[in-house]
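Chemist: Build me a model:
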Amino acid sequence: MPMEVNRRELKARARERIRASHPAFWKVTLVYLLLTSGVAAVADLAGAARIGLPPVHLDTFALFLALLVTLYTMVMGLGYQWWALRTYRQQSAGYGTLIDGFSMAGRVILMNVIIFFSALGWAVAFALPSSLVLLLLSGLLSSGGGMLFLYLLAMGGTFLGSLWIGYRYAMAPYLLIDHPEQGAGAAVRESVAMMKGWKWEFCKLDLSFLGWHLINALLSLAVTLVFALPMLPALLESGADLARILMDPSLALPWTAVLLSSLIQLPLSLWLKPYQTVTFAGFYQARVTQSTQPPPVWEAGDPYGIS
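Modeler: Numbering: from 1, shown residues only. As a prediction, this is how the structure comes out:
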């Protein structure tokens, strides 16, 4: 019978480990964000600027650039998880750890491709019968309230299904880091086995960070509204798609507003991202060591650290 995760103990240990990290966790995270989000922003600008290319080649160039940045970000993402795992284990981890993923870039990309198509297969298997059931029920319900209920039911089911699918593969990056010689496919398969019966515990751990993410989102929304409200009458008159603009404010707001919206989130992000990532690495470490000793992050375990 599986034990429950002591989330408070696990998160307290993660906070302790990131505070003791050197270089400072926020500096490493800032470098990571500059090398990922910063590079992606520059690539977006490059794709939009045409850079002297004929219009017929623009779409091909933008697509190639987007693909290149996506693959690059995949490898950098594993490098950040590598830093988090080493930080949790109290091993040496610095700026150079961020690019360690490039030593096995092919396997990192292959792992993500396998996860993508596996998740897609599960999504299709889940969506087809669900869509059929909703279609049959929609024929029986003619009221607006009934249709709204079905819509909310579908959205909730999709959200829960996506969580279940994503959590199956949550340990794959750490497994690839620890056992690169086993390959990408083995990391994915072992993650599925490792998370069997533990997805709900990982979900609760993940959701325990939700409040922090909401605070960050509200800070960004506040900045967006300050700039957007004076522009609202003009946007309404122009017939702009307000829902789309709300999802992507950069479509209508000046670049200064978009930049300020990002900058106001930065201080909290420099704390939240390493905190959450190191906590997830701790979950993996606890699952790995569970068979040899009762890790302290389990309710039945002792309160001392993992060496």
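Chemist: hey, let's count contacts and neighbours off CA atoms from now on
Modeler: OK.
Chemist: Point to the helix or strand of this protein where mean pLDDT is at its lowest.
Modeler: helix 242-247 (a mean of 57; mean pLDDT, DSSP states H and E).
Chemist: and Trp212, what element?
Modeler: For Trp212, the element it lies in under DSSP states H and E is helix 210-228.
Chemist: chain center to that helix: distance?
Modeler: With Cα atoms, centre = their mean, to the nearest Å as the basis, helix 210-228 stands 18 Å off its chain's centre.
Chemist: Mind checking what helix or strand follows the least confident helix or strand of the chain in sequence?
Modeler: helix 255-289.
Chemist: Just the buried positions in that next one, please.
Modeler: Neighbour-count burial for helix 255-289 flags 257-258, 261, 265, 269-270, 272-287 (criterion: 16 or more other Cα atoms under 10 Å).
Chemist: hmm, back to that, who are the packing partners of the helix holding Trp212?
Modeler: helix 255-289 (3 or more Cα pairs under 8 Å, 6 or more residues apart in numbering; DSSP states H and E).
Chemist: Show me what the helix it packs on packs onto, helices and strands only.
Modeler: helix 7-19, helix 25-33, helix 55-88, helix 210-228.
Chemist: residues near Met111, how many?
Modeler: 22 (other Cα atoms under 10 Å).
Chemist: Which secondary structure element is home to it?
Modeler: Met111 belongs to helix 105-140, assigned by DSSP H and E.
Chemist: could you give the angle of that helix to helix 55-88?
Modeler: Orientation check (axes from the mean of the first three to the mean of the last three Cα atoms, to 10 degrees): helix 105-140 against helix 55-88 gives 100 degrees.
Chemist: Helix 105-140: which residues count as buried?
Modeler: Result for helix 105-140 [16+ other Cα under 10 Å]: buried residues Ala105, Arg107, Val108, Ile109, Met111, Asn112, Ile115, Ala119, Ala127, Leu134.
Chemist: show me the residues around the third one that make contact.
Modeler: Okay, so that is Val108. Listed by Cα atoms under 8 Å, 6 or more residues apart in numbering, the contact partners of Val108 are Met74, Val75, Leu78, Gly101, Pro173, Leu176, Ala184.
Chemist: how near is it to Leu71?
Modeler: For Val108, the distance to Leu71 (Cα to Cα, to the nearest Å) stands at 9 Å.
Chemist: what's the answer for the fifth one, then?
Modeler: Using Cα to Cα, one gets 12 Å for the distance from Met111 to Leu71.
Chemist: now do the fourth one
Modeler: Using Cα to Cα, one obtains 7 Å as the distance from Ile109 to Leu71.
Chemist: again with the first one
Modeler: Going from Ala105 to Leu71 by Cα to Cα gives 9 Å.
Chemist: How about the helix or strand hosting Val188, which residues are buried there?
Modeler: Counting by DSSP H and E, the element that carries Val188 is helix 184-195. For helix 184-195, a neighbour-count test (16+ other Cα under 10 Å) marks Ala184, Gly185, Ala186, Ala187, Val188, Arg189, Glu190, Ser191, Val192, Met194, Met195 as buried.
Chemist: And for stretch 13-25?
Modeler: For stretch 13-25, by 16+ other Cα under 10 Å, it's Arg13, Ala14, Arg15, Arg17, Ile18, Ser21, His22, Phe25.
Chemist: Contacts only, for the third one.
Modeler: Going back to what we said before, that points to Arg15. Tyr275.
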